[in-house]
Structure formats: structure tokens, C-alpha cells
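S.K.: Okay, predicted coordinates and the sequence, questions at the end:
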Protein chains: 2
Amino acid sequence: MAAHNRRRRVTIADVAGHAQVSVTAVSKVIRNAYGVSPAMKDRVKASIEELGYRPQAAARGMRGRTFTVGLMLPHIRNPFFADILDGLMEQLADTGYQAIMIQGGVTRKVEKQAVDALVDRQVDGIIMVAPLAGRARLEEVAQEVPTVVLARHERSALYDSVFDEDDIGAELVVRHLIDLGHRRIAHITHQDNSNARPADLLHVIRAEAYERVMREHGLDDEIAIAKTYYHEQGGYDGARQLLSRSPRPTAIFAGADQAAFGALAAVHEAGLSVPRDLSVAGYDNTQLAALPNIALTSVNQDGAVMGGTAGRLLLERIQGRTSAVRFSVTPSLVIRGSTAPPGRGEAQ
Amino acid sequence: MAAHNRRRRVTIADVAGHAQVSVTAVSKVIRNAYGVSPAMKDRVKASIEELGYRPQAAARGMRGRTFTVGLMLPHIRNPFFADILDGLMEQLADTGYQAIMIQGGVTRKVEKQAVDALVDRQVDGIIMVAPLAGRARLEEVAQEVPTVVLARHERSALYDSVFDEDDIGAELVVRHLIDLGHRRIAHITHQDNSNARPADLLHVIRAEAYERVMREHGLDDEIAIAKTYYHEQGGYDGARQLLSRSPRPTAIFAGADQAAFGALAAVHEAGLSVPRDLSVAGYDNTQLAALPNIALTSVNQDGAVMGGTAGRLLLERIQGRTSAVRFSVTPSLVIRGSTAPPGRGEAQ
DNA sequence: GATCAAATGGGTAACGTTACCCATGCAGGC
DNA sequence: GCCTGCATGGGTAACGTTACCCATTTGATC
């Protein structure tokens, strides 16, 4: 049944034999532990090199650490997640820790399986990006293994949070549109089947900030929200809903770039021109938003910094920190060609 | 130092005690192994349920399987990879296997570390997507653990290959453009620091098919290739190179949608209109290509089928198959608004 | 009713690593 | 010269699971 005539792996015992030292000594060297002379260290390292030894994570996991951190992503379609990963990878480089990813999916059930899978694989820490799970569940995980939650606003004593100040970002967009002279500004938001307290969800925060700023400017009656999804199709559907209103909005603020791309498509399909007939803005400032033919006004949140910080906080927790930390990045508005003052006939 | 007062995990021994059976019996039940009566099976399953037992992958890995397959992706910015993952996840659902991902990065060194990390974590099988590693290295990995390679065209006795017939896809695009009346058709290709035999790399195959079809139509002199990268910036840079030629091309075939998006940006920036002044086509048929305001003519390769097949082949190998399999999907052309006959003044 | 095979259940030794302890040698202080 | 403490090295028992075997019971066959 042994399909592969796999050569037996080099073990710590092989290294010990080759270097003429004890197994314990080798273990100490690879863990950088106390109690080894420089001379022995060099000898062991030479043997490790020569034999091509690499410790087996499974065996390490049974006693100590696996030097693995798990990253749960809802999916891998949003390029913003790639920025997060970049930041994390950079933070982890040269620490000996490896990051593995797992897809959380769109239901709490599948997400739970995914996170459990990470726990079962003895990762030393977990970073969850925009989890669907409720706070109780997050704390349950955090009790078992050091945890950092990204893109949620909760305050928990058991895990760290890293997030963008979504209310500020949304406010920047809406104020920008109002400053341009828009009044009928619509919003496309996201619905998920999360178990979180709504006020902790980034899309709810963005939507609420939109409403708040509208009200602050006396635009209560112009508030129009399409509840779809933060992806291309969702943006497309949402924009179609909003465009069918009469009078139609002069600006659409999509809660995420991906939804904004879909909105642009719907606007284009309706025979309208951006920004002449309608302004469109997004959130995330993905690379595509910067392309001149899209030129989407968007909110920049530094994904790499968020990912890097999440990694740093997680390593601190693995080292033993137990106090909880909250870290937020301040977003900034990137104005591009997709937003402009409303057309003359549309202004009022 | 115990940062987290983690409750001791439920182990197989706890389950055995609770169900009043031996540890071996429980192990048999969770592995679906031979030698358990239905009655005992039920009892054990009830105890597992009640105690919330989940086997620890690290411990399993020391003796048997971890029920984990590793997916190496170069990065997670290409939405085409998300299709692959979707197919894989669906294939793995209900098999008890979990997929974990790892980022291979852009250098062979980092990629090697990533793949080694998977091996060290005792995954039962590995799927590598568009690896940079040379064939010798792939076979080295395949010797240690069942392996499937995606998006490379090699024939190896040690691992399975799943790929798209890139020559056919590229041919479809170029013929389509020629049929429309184009003659000055340029191509944007990718350069990486792969160690593979060039003829096994998908971007080389696409570029060669482009050249071949051009020659077959007597267009040897019109061949123009920009060697950049399969991403937005690469497409942008490549298109700028190509547009600076005199006379400038009337069509650009970018080897990947992401590059095509960048090319569209460059074309737009140059004050040209698509498709009136210039036709643009891509490859991958990503979701963005379908958006009406982009409407990119592209080649559809079924990523979900590729991912699903890779998963199926890997499971077969894990079961013990040793013969090597090659599986290819046949691409098809999706014609959209970004390609049209060349403008009158441009045709000849 | 004796024999044999199949079905069922369990005992035990790994797997590779680390945590915890102990042993030795040597320098320094009284 | 004896004690103490530190530096250095190693021995050993886990960790949780599975593979391999053996023991017992049951059922079938002659």
C-alpha cells in the first residue's frame, strides 16, 4: 500500500548521531534554547545543513509549538485580502513562523469547520479576517489558542482586534460627495449571515456613517440604501435597484471597490456616463481602482499595515501577552475621476 | 507562562472512557476502519458527539494521515485562483479532508520554503499551482508526498498534471483577431524566474501559439511581443511599450485578463478608444472581464473543473494510485465588446 | 459435535519532538 | 581545600494517535 517509496525522513536522532551529540542537544539548537556552547551549536548546525534536516511540525506540535500561524480568510476573491497577506508574510519573515491560510466560506458552519481545522492542526495562533462567527464563538477559539481578529470592531478581553476606522472612511466619501454638490447620494451595503453584533460589522458601520452624515447635512429624505453584497454582482444588482428610483441618485457610494466595479457596469449599461451623469465611489482602494479607465474614487485603508500588525500582535500573544489590544488604522480618501459635481440638470 | 488557561483538549482516551470501550476501538471508529460492530460504532459516535471530540491532526500525522491537503498558490491576487479553490473545496467536501493554502511567492527560494512547510506539516498531498520550481524539484516533492501540479504541461511519472490547452486558447484569440481583419496584433507575455523547461510554461505556450498563428497567416513581420508580467502593472507597462511602436498595433492580446486590464488603462490613457482604435483581448475570463463597462474578449478555462479534478486526482494518489495522469481542459473563446474590426484608417 | 474461519474487541509499541530533570566539570570565594 | 553556583551536556518520560498483533466469541460447515 505504500504508494510512494518515500525515503525515510531525516530525524533529529539522525542529526544527533551525525554530530555526535545527544538528541536533546539538537533540540536545543533548533529551538535556540539555553544550554549549548557556541562550539556545539556550530557542529549541530553543520550536521543539520549536511543532512538537510527539517523538524517535523506534527511531532513538535505534540509537545511544543508548530511555528505555524493560521489565517482564516472568507474567500480569496478580494484583492484587499492579498494586501493583508503581504503585510503578514513580511512580518513573519525570519521569525521561523509560517502562515497557512484556510477559506472560511459564506456560512458560519463552514467557517467553524475551517477554524476548527486550524485548531486541530495545532497552529500556534489564529488570525481571522472578517469572521461571521459571533463574539462568543470567537472567545471560545481565543481561549484555546492566541487569536487576533481583523476587520471587526469588538472589544474583547480574550483576543486582539485590528480594524480600519470605517466610520471615518465612509464619512470622508459622503462629505466629499456633498462638497461636490450632490444631494441624492445612495449607498450599496452588504448583508451576510454573521452572528456578530451588527454595530461591530464593518459594512454596518460604513452604512451607519453614511446615514449619519446624510442626516447631519439635512439630507434625511435622500437616504437610499441597496442591501446586496460586497462583490461585483452585488454592486451591479444594487446599482440597478438604485438607478430605478425616481428621481435617480446623482452619486453612488458602494461600500467596497468590488461592489463599485459592478455598479460602474450597471451605470454604463444604463447608458449613463461616469462622472457626468453619475458619480461613483468605492472603499478599499484596490489596485484596479487606480487604473485610469476606471479611476475610482475610493478609501484607502492600509491592508499591509493591518496584516503586519495582526501578525505582530499574534506573535506577542504567542509569547505570552494576555492583555487585549485594539489597533486601528485611519483611512484616507483617494479622489479620482469617478466623482465630480453633479450635472447641471441633476443638481437639484 | 501558560498564557491561555486552555482547557485540556478532549482526547481519544476520554472518549474511550466515556463510551466504555478501548482506545483502539475509538480510533477504528473515527477512521472508519474494519473491526467494529454497528452497536459499538453508534456508542462511540454518541460519546464523540457528547464530548465534542476532534482528533488532533499532529498526533495523527505521527502515525497515519492528517487528512489535510496543501494547496500552493503563487499569490492570491488572481481571481482565477479563487475558481480553482472553489472547485477543490467542492471536491473535498464530505471526504474528511481539509485544504490549507500557502503562498508560494515570486522567488523559487520562498516557494521552496512554502512547499517544504507543507511537507513538514505532514499534509497527505500537495497541489501546486503554476510553480516556479523546476521539474527535478517537483519530482523530489512528489517522491515524498502525493503531488498534483496545476497549470504546467510537463509529463512526469511521479505526479499528475492538470492544465488548460493554452495553445488552443491562444490560437482562438489570434484567429479571432485575424478574422476581424487585424494584422498588427501584438502580444503581452509574462516573465518569471521559473526553473521549468520553457515549453512547459503556460505563458510560453500562449506566446508561442501567438507567434505560430501569426506565421501561419503570413504575419511574421507583424509579430510584436512585450515581455512584462501577468498583472495590472505589467499589462500597463507592456501596452505602453507596444503603443509606442510605429505604426502601432491595432490589437493587443494580453496573455492574462489582469494584464489586459492594465493594457486597457494604458490604451485609455493614450487617448485611444477600445475597440474603435484598438482591440484588446485577455485570457482567463475572470468575472471582471464580463462587466459591461470592461467587456473584455477573453478565453474561458474552467478553473473550477481544474481545481476539482486536481483534488480528485490527489485523493486517488493518496489512496494508492501510482500511475501518472495528465488532464487537460479545452478552453473556449468568449467574444465581448473589446474586440472589433480595425478602424478604416488603420486596417492596412 | 468438532473444526475452522470470520467477526469483534483490545493491548502495546512505536512515531519525532520537547519539557523537565539530573550529572558533570570548573571557576571563584571563603 | 571545601563548598557553591554556573555552564554545559544528556537521559527520559511524556504528547495523542495509529499499525500491528493477539485473544475471544460467534457462526458455518462437515
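M.R.: Alright, I've got the coordinates. Numbering: from 1, shown residues only, chains lettered A, B, ... in the order given.
S.K.: which residues sit against the worst-scoring helix or strand of chain A on mean pLDDT?
M.R.: Lowest on mean pLDDT, DSSP states H and E among the helices and strands of chain A sits helix A:57-63, with a mean of 91. Contacting residues not belonging to helix A:57-63 are listed as A:66-68, A:121-122, B:56-62, B:66, B:117, B:120-122 [CB atoms under 8 Å, 6 or more residues apart in numbering or on different chains]. For glycine as for every other residue, the C-beta is placed from the backbone atoms N, C-alpha and C.
S.K.: Now with 10 Å, please.
M.R.: A:11-12, A:27, A:30-31, A:56, A:65-68, A:98, A:121-124, B:56-63, B:66, B:117-122 (CB atoms under 10 Å, 6 or more residues apart in numbering or on different chains).
S.K.: how about that helix: buried residues?
M.R.: A:57, A:58, A:59, A:60, A:61 (16 or more other CB atoms under 10 Å in any protein chain shown).
S.K.: Can you give me the neighbour number for residue A:244?
M.R.: 9 (other CB atoms under 10 Å in any protein chain shown).
S.K.: Check residue A:217 too.
M.R.: Neighbours of residue A:217 under the rule other CB under 10 Å: 14.
S.K.: what do you get for residue A:269?
M.R.: Residue A:269 has 16 nearby residues by other CB under 10 Å.
S.K.: thought it was touching residue B:294?
M.R.: No - Residue A:269 is beyond contact range of residue B:294, at 11.6 Å (criterion: CB atoms under 10 Å).
S.K.: same for DNA strand D: which of the buried residues of helix A:57-63 are within range?
M.R.: On the criterion CB under 7 Å from any atom of the strand, none of the entries of these sits beside DNA strand D.
S.K.: nearest to residue B:248, of these?
M.R.: Ranked by distance to residue B:248 (CB to CB), the buried residues of helix A:57-63 are led by residue A:57 at 54.3 Å.
S.K.: Just put the buried residues of helix A:57-63 in JSON lines and tack on distance to residue B:113.
M.R.: Shown next, in JSON lines, are those (distance: CB to CB, whole Å):
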{"residue": "A:57", "distance to residue B:113": "13"}
{"residue": "A:58", "distance to residue B:113": "18"}
{"residue": "A:59", "distance to residue B:113": "19"}
{"residue": "A:60", "distance to residue B:113": "17"}
{"residue": "A:61", "distance to residue B:113": "19"}
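S.K.: I only care about the contacts of helix A:57-63 that end up buried; give me the PyMOL line for that.
M.R.: Under the burial definition 16+ other CB under 10 Å, those of the contacts of helix A:57-63 that qualify are selected in PyMOL by:
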select buried, (chain A and resi 11+12+27+30+56+65+66+67+68+98+121+122+123+124) or (chain B and resi 56+57+58+59+60+61+66+117+118+119+120+121+122)
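S.K.: among the contacts of helix A:57-63, which are within reach of DNA strand C?
M.R.: By CB under 7 Å from any atom of the strand, the members of those lying near DNA strand C are A:11, A:12, A:27, A:30, A:31, A:56, A:65, B:62, B:63.
S.K.: Chain neighbours aside, what residue packs nearest to residue A:154?
M.R.: Setting aside the residues directly before and after it, residue A:154 is nearest to residue A:200 in space (CB to CB, 6 or more residues apart in numbering or on different chains), at 4.7 Å.
S.K.: Regarding residue A:10, what is its secondary structure?
M.R.: At residue A:10, secondary structure determined by DSSP: H, G, I helix; E, B strand; the rest coil is coil.
S.K.: Quick check: it vs DNA strand C, distance?
M.R.: 8 Å (CB to the nearest atom of the strand, to the nearest Å).
S.K.: Next up, the contacts around that residue.
M.R.: Listed by CB under 10 Å, 6+ apart, the contact set of residue A:10 reads A:18, A:47, A:48, A:50, A:51, A:52, A:53, A:54, A:55, A:56.
S.K.: Repeat that for residue A:243.
M.R.: Neighbour list for residue A:243: A:186, A:226, A:249, A:252, A:263, A:266, A:267, A:269, A:270, A:272, A:278 [criterion: CB under 10 Å, 6+ apart].
S.K.: again, only using 6 Å
M.R.: residue A:270 (CB atoms under 6 Å, 6 or more residues apart in numbering or on different chains).
S.K.: ditto for residue A:101
M.R.: Counting by CB under 6 Å, 6+ apart, residue A:101 makes contact with A:71, A:73, B:101.
S.K.: what does residue A:152 give?
M.R.: Contacts of residue A:152 by CB under 6 Å, 6+ apart are residue A:200.
S.K.: what is it paired to in the beta sheet?
M.R.: Counting by DSSP bridges, residue A:152 forms beta bridges with residue A:201.
S.K.: which parts of stretch A:227-237 are buried?
M.R.: Using 16+ other CB under 10 Å as the test for burial, stretch A:227-237 gives A:228, A:229, A:230, A:231, A:232, A:233, A:234, A:235, A:236, A:237.
S.K.: can I get the residues you listed in a markdown table with distance to residue A:285, pLDDT and secondary structure?
M.R.: Shown next, in a markdown table, are the buried residues of stretch A:227-237 (distance: CB to CB, whole Å; pLDDT from 0 to 100; DSSP: H, G, I helix; E, B strand; the rest coil):
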| residue | distance to residue A:285 | pLDDT | secondary structure |
| --- | --- | --- | --- |
| A:228 | 21 | 97 | strand |
| A:229 | 19 | 96 | coil |
| A:230 | 14 | 96 | coil |
| A:231 | 17 | 93 | coil |
| A:232 | 17 | 93 | helix |
| A:233 | 21 | 93 | helix |
| A:234 | 19 | 96 | helix |
| A:235 | 16 | 97 | helix |
| A:236 | 20 | 96 | helix |
| A:237 | 23 | 96 | helix |
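S.K.: Filtering these by proximity to chain B, which remain?
M.R.: Residues of the buried residues of stretch A:227-237 in contact with chain B (CB under 6 Å from any CB of the partner chain): residue A:232.
S.K.: List just the nearest of the buried residues of stretch A:227-237 to chain B.
M.R.: Using CB to the nearest CB, residue A:232 comes nearest to chain B of those, at 5.4 Å.
S.K.: Can you tell me how far that closest one is from residue A:122?
M.R.: Distance, residue A:232 to residue A:122, by CB to CB, to the nearest Å: 37 Å.
S.K.: other SSEs contacting the strand or helix carrying residue A:213?
M.R.: Applying DSSP states H and E as the criterion places residue A:213 in helix A:202-216. Secondary-structure packing of helix A:202-216 (3 or more CB pairs under 6 Å, 6 or more residues apart in numbering or on different chains; DSSP states H and E): helix A:166-180, strand A:185-190.
S.K.: Quick one, which of these gets closest to residue A:290.
M.R.: Evaluated over the helices and strands packed on helix A:202-216, closeness to residue A:290 peaks at helix A:166-180, with 16.4 Å, by CB to CB.
S.K.: who does that closest one touch, helix- and strand-wise?
M.R.: Under the contact criterion of 3+ CB pairs under 6 Å, 6+ apart, helix A:166-180 touches helix A:202-216.
S.K.: contact partners of the helix it packs on?
M.R.: A:151, A:166, A:167, A:170, A:171, A:174, A:187, A:189, A:190, A:198, A:223, A:255.
S.K.: that older thread, for the residue nearest to residue A:154, give me its contacts.
M.R.: Contacts for residue A:200 were tallied using CB under 6 Å, 6+ apart; they are A:152, A:153, A:154.
S.K.: could you list every residue that touches residue A:150?
M.R.: Per CB under 6 Å, 6+ apart, neighbours of residue A:150: A:129, A:162, A:310.
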